[in-house]
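Asker: Sequence first, then the predicted structure, then my questions.
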Amino acid sequence: MQKRDYTLNQKRGGLGLIDLESYCPALQCSWVKRCTVSINDTWRWNLAKLCNFSLDMIRKDDIDRNLYPILRNIAESFEKLQTGYWRLHDNFRTAPLVDNDFFLRNEPTRRDPARGCIDRNLLGIEFYNRHKEKLRSLRLNWLITGMRIVSLERLREITEIPFSQNVYMHLNTACMFALKKYSGKAGSNETSISLISYLERIKKGSRKFRLLISKRNTCDIAELRVVKTFFELATCDKPESSIIGRLHGLWSLGFLNNRVRCFAFQFFNNSLAVGARVAARYRHTGQLIDQRCAFCLKGGSDNPGREDFRHIFLDYPALRPTLVLYFREHFNRNYDANDAGCWME
């Protein structure tokens with residue numbers, strides 16, 4: 001049973017609320033975007049300097065929180081954007097290879113599920129310190145052509161780094177796993193654009209950043225607990241997800257008045273205070289509440305029904321003629337309480 005995500009739009013079972021976990025980091029990422037336009041403040045200069053003026057390669061570990069607490073927070077938010085962007089299409093090819101948790105040394109196994117990234121420990125501390133600046137600017141697309149890694153001689157020529165055969169084999173293993181893990185995904189258009197180019201295309205705002213950072217719940221609305229409970233109470237089969245989505249989105253329609261919208265929201269979310277539900281709520285306090293249908297009592301019924309969800313909204317005899325006329329006039333079909341397709345359209 002799926003957990004409900006209230007940040008989804010109404011037709012997917014949510015409430016359309018702002019996802020603060022992605023909204024606030026996206027705002028901070030927009031500050032990095034400002035640095036790509038101009039560096040005219042002290043904080044912009046410090047941020048650019050700490051990443052060697054390659055703004056798309058910011059790493060939070062390069063920023064001391066005690067010296068630059070705000071810049072550290074910006075870097076942490078920007079790393080979320082980096083991860084979301086590199087997972088899109090084939091953009092992972094433009095990501096930095098060294099000191100980047102996005103790339104693992106090797107494919108995890110059952111015996112060793114935690115693989116580290118390509119860092120000084122893998123490359124060798126002395127070799128890493130000697131060529132640190134060039135290594136950290138090394139991007140994946142420098143090492144691969146198509147689906148293969150370039151030769152050792154070609155890699156040395158491109159990077160001007162004297163890689164050993166051993167280090168080259170480590171890089172080969174990491175690159176091949178990255179290709180296996182991130183390339184050829186469904187929905188990919190196989191384009192590869194650097195993050196800095198993407199930032200330069202953004203004119204203003206943080207919405208596009210928020211979409212990359214947010215982790216949306218893609219579950220089917222028909223699998224939500226509130227939906228399953230609703231159709232269990234109504235004792236009818238669930239219609240298609242598209243129909244369920246329209247139902248749960250009724251409360252957000254602007255042309256309806258507030259009373260109808262409130263009722264629609266409570267109705268499809270099983271929160272209307274029918275008699276049986278109110279009685280159960282107060283039973284533990286020792287208060288006895290009449291569960292009989294108020295409409296049946298008012299109509300003088302000899303055998304008033306229990307005021308539960310199905311009785312008051314589907315089986316109440318006095319309501320049936322009204323529903324029959326309503327469906328005949330607006331849907332040109334006969335009303336059947338047991339037919340979900342009839343009253344769920």
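Answerer: Nice, thanks for sending it over.
Asker: So the chain: which segments form each domain?
Answerer: 20-89+196-213, 90-191, 222-276+308-343 (automatic domain parsing).
Asker: so how far is the last one off the chain centroid?
Answerer: Its chain's average C-alpha position is 29 Å from that of domain 222-276+308-343, according to CA atoms, centre = their mean, to the nearest Å.
Asker: quick one: average confidence on it?
Answerer: What domain 222-276+308-343 shows for mean pLDDT is 80.
Asker: Got the confidence number for the closest residue to residue 38 other than its chain neighbours?
Answerer: Counting by CB to CB, 6 or more residues apart in numbering, residue 44 is the residue found nearest to residue 38 once chain neighbours are left out, at 7.7 Å. All C-beta atoms are positioned from the backbone trio N, CA, C, and that covers glycine. At residue 44, the predicted lDDT confidence score is 93.
Asker: Comparing the domains of the chain, which comes out most buried?
Answerer: Comparing these by mean neighbour count (mean count of other CB atoms under 10 Å), domain 20-89+196-213 ranks first with a mean of 17.
Asker: returning to what we had before: okay if I get the domains of the chain as a markdown table plus distance to residue 288?
Answerer: Formatted as a markdown table, the domains of the chain follow (distance: least, CB to CB, whole Å):
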| stretch | distance to residue 288 |
| --- | --- |
| domain 20-89+196-213 | 44 |
| domain 90-191 | 57 |
| domain 222-276+308-343 | 12 |
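Asker: now for those, which one comes closest to residue 285?
Answerer: domain 222-276+308-343 (15.6 Å; CB to CB).
Asker: Run through the stretch 51-200 of the chain and note the low-pLDDT ranges.
Answerer: Applying pLDDT under 70 to the stretch 51-200 of the chain flags residues 114.
Asker: returning to what we had before: out of the domains of the chain, flag the one nearest residue 14.
Answerer: Checking these against residue 14 by CB to CB gives domain 222-276+308-343 as the closest, at 8.7 Å.
Asker: Please identify which of the domains of the chain is closest to residue 12.
Answerer: Across the domains of the chain, the minimum distance to residue 12, taken as CB to CB, is reached by domain 222-276+308-343, at 6.3 Å.
Asker: just checking, next helix/strand downstream of the host helix or strand of residue 199?
Answerer: Per DSSP states H and E, residue 199 falls inside helix 195-201. Downstream of helix 195-201, the next assigned helix or strand under DSSP H and E is helix 207-213.
Asker: which helices and strands does the helix or strand containing residue 229 pack with?
Answerer: Assigned by DSSP H and E, residue 229 belongs to helix 225-234. Packing partners of helix 225-234 (3 or more CB pairs under 8 Å, 6 or more residues apart in numbering; DSSP states H and E): helix 309-310.
Asker: Can you name the element that comes right after the helix it packs on?
Answerer: Downstream of helix 309-310, the next assigned helix or strand under DSSP H and E is helix 320-330.
Asker: Tell me the span between the first and last residue of stretch 130-146.
Answerer: Terminal residues of stretch 130-146 are spaced 30 Å apart (CA to CA, to the nearest Å).
Asker: which outside residues touch it?
Answerer: 52, 54, 57, 92-99, 103, 123, 128, 149-150, 155, 158-161, 171, 175, 178-179, 192 (CB atoms under 8 Å, 6 or more residues apart in numbering).
Asker: Among these, name the ones in strands.
Answerer: Members of those lying in strands (criterion: DSSP state E): residue 149.
Asker: mind exporting the helix holding residue 229 as PDB, just the C-alpha atoms?
Answerer: This file holds the C-alpha atoms of helix 225-234, laid out as PDB (Å, rounded to 0.1, in the frame of the first residue of the first chain):
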ATOM      1  CA  ARG A 225      -4.800   3.700   1.100                       C
ATOM      2  CA  VAL A 226      -7.400   6.400   1.100                       C
ATOM      3  CA  VAL A 227      -8.600   5.200  -2.400                       C
ATOM      4  CA  LYS A 228      -8.800   1.600  -1.400                       C
ATOM      5  CA  THR A 229     -10.700   2.500   1.800                       C
ATOM      6  CA  PHE A 230     -13.200   4.600  -0.200                       C
ATOM      7  CA  PHE A 231     -14.100   1.800  -2.600                       C
ATOM      8  CA  GLU A 232     -14.200  -0.700   0.300                       C
ATOM      9  CA  LEU A 233     -16.800   1.500   2.000                       C
ATOM     10  CA  ALA A 234     -18.700   2.000  -1.300                       C
END
